[in-house]
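1. generate coordinates for the sequence data below:
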Amino acid sequence: MLTIKAPLKDAQKVKSLLLEKGLLDERYQLKKTKTDIFLPIVKRFNTAYKITEVKLEKREPKQDLKSRLSETLSKQEMTTLKTSMDTVGDIAIIELDSGLEKKGKRIAEEFLKQSKSIKTVLKKKGSHEGEFRVQKYEYLAGDKKFETIHVENNCRIMLDVNKVYFSMRLATERKRIMQHVKKGERILVMFSGCAPYPCVLSKNTEANEIIGIEINPEGHEYGLENVGLNKLKNVRLHCGDVKKIVPKLEGTFDRILMPLPRTAEDFLDTALSVAKKGTIIHFYNFQKQDEFHLAAKKAEKACKKAGFKCKILRTVKCGQHSPRFFRICVDFEVK
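-> Numbering: from 1, shown residues only. Predicted coordinates for the structure are as follows:
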């Protein structure tokens, strides 16, 4: 097989070049030694690297998930199969139509083959429920576990998906907030869960102090674990009801996060009690597609009641709950 020989340190650079020029022969596997890599190419070309003949193994043709399950599921069952998955750490979370539950284990085994990094496959059971907004999951295949370490925005987040509310889909939103934080800020994170927001903000900004409050004792314990796991020095976490903890906190905050879209509006007065002129509040809410402005009105009404003025900075769509129904964030400044 015709190959290009390159030092291991140049492997990614050479591979990218071959892909860009359409010269990589993807029918064959590459070969490595302790010092070099041999990449299959479709023809000779001018290069500073050595081109040589090497015996390479052919790649097994990859089949997609539906192809691999075509002999297991009927045509009708194939129409209801959802091929997408959420990944939290090394756990894949899938949704199964009720008609596929008896074949859930077989389907999950194929999801395991999708990526070597996936060790466990779980399926959703119902929706987020209870005071702690916890989603329940059922084990299907792989390692039987519910605890994992999820990596995002330079942070490691340990959690048990059955005990703690966590959305990996909010990683982009956490990054957005982090990019607004200025040096020296004092930040309050209400409903902090296992502390993804405090960890991301502490690890990636020059905030002075970050305080998190979480009512779920197990979520709080994982939060403490994550503060230690990421070696953070400026995060303090409290376990309890936001309405009871906030009045006990000293001083005011430069930035307040309220990532509880279903009922955050019930806590706007509490947030404003520790706000000052210039405080930025990130207020999360669920709204229909054409009614995002209603969330801004809630912020304005709460500010007026607390004796402040309100400047709406932006309204951001940060997730879809159901068709035409979205999780949004209203960023506003207290005036």
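
2. so which residues of the stretch 201-335 of the chain form helices?
-> Secondary structure of the stretch 201-335 of the chain (DSSP state H, counting those that start in this stretch): helices at 217-229, 242-245, 268-272, 293-305.

3. could you do the stretch 51-200 of the chain as well?
-> 65-69, 75-80, 104-112, 171-178, 196-204.

4. now the second one: mean pLDDT?
-> Translated: helix 75-80. In this model, helix 75-80 has a mean pLDDT of 91.

5. again with the first one
-> Per-residue pLDDT over helix 65-69 has a mean of 86.

6. domain map for the chain?
-> 2-53, 65-145, 167-334 (automatic domain parsing).

7. out of the ones you listed, which comes closest to residue 159?
-> Among the domains of the chain, the nearest to residue 159 by CB to CB is domain 167-334 (4.6 Å). Quick note: C-beta positions are derived from backbone N, CA and C, even for glycine.

8. first to last residue in the closest one, what's the distance?
-> End-to-end distance for domain 167-334, by CA to CA, to the nearest Å: 28 Å.

9. gap between that domain and the chain center?
-> Centroid displacement of domain 167-334 relative to its chain, using CA atoms, centre = their mean, to the nearest Å, is 17 Å.

10. got it, and stretch 105-121?
-> With CA atoms, centre = their mean, you get 19 Å for stretch 105-121.

11. now that stretch: buried residues?
-> Using 16 or more other CB atoms under 10 Å as the test for burial, stretch 105-121 gives 107-112, 114, 118-121.

12. now compare those residues and name the two farthest from each other.
-> Spatially, the most separated pair among the buried residues of stretch 105-121 is 107 and 119, at 16.7 Å (CB to CB).

13. can you verify my assumption that residue 306 contacts residue 271?
-> No: Residue 306 is not in contact with residue 271 according to CB atoms under 8 Å; the separation is 9.2 Å.

14. okay, the two: which has more neighbours?
-> Each of residue 306 and residue 271 has its neighbours counted (other CB atoms under 10 Å); residue 271 has more, 25 against 15.

15. for the residue nearest to the more buried one when sequence neighbours are not counted, name its beta-bridge partners.
-> Spatial nearest neighbour of residue 271, excluding adjacent residues (CB to CB, 6 or more residues apart in numbering): residue 256 at 4.9 Å. Beta-bridge partners recorded for residue 256 (DSSP bridges): residue 188, residue 281.

16. now residue 256: how far from residue 124?
-> When distance is defined by CB to CB, to the nearest Å, residue 256 is 31 Å away from residue 124.

17. please identify which of the two sits among more neighbours.
-> More crowded of residue 256 and residue 124, by other CB under 10 Å: residue 256, with 26 against 15.

18. wait, doesn't the more buried one sit right on residue 186?
-> No: counting by CB under 8 Å, residue 256 stays clear of residue 186, with 9.8 Å between them.

19. check the offset of the helix or strand bottoming out on mean pLDDT in the chain from the chain's centre.
-> The weakest-scoring helix or strand in the chain, judged by mean pLDDT, DSSP states H and E, is strand 120-129 (a mean of 84). Once both centres are worked out by CA atoms, centre = their mean, strand 120-129 turns out to sit 16 Å from its chain's centre.
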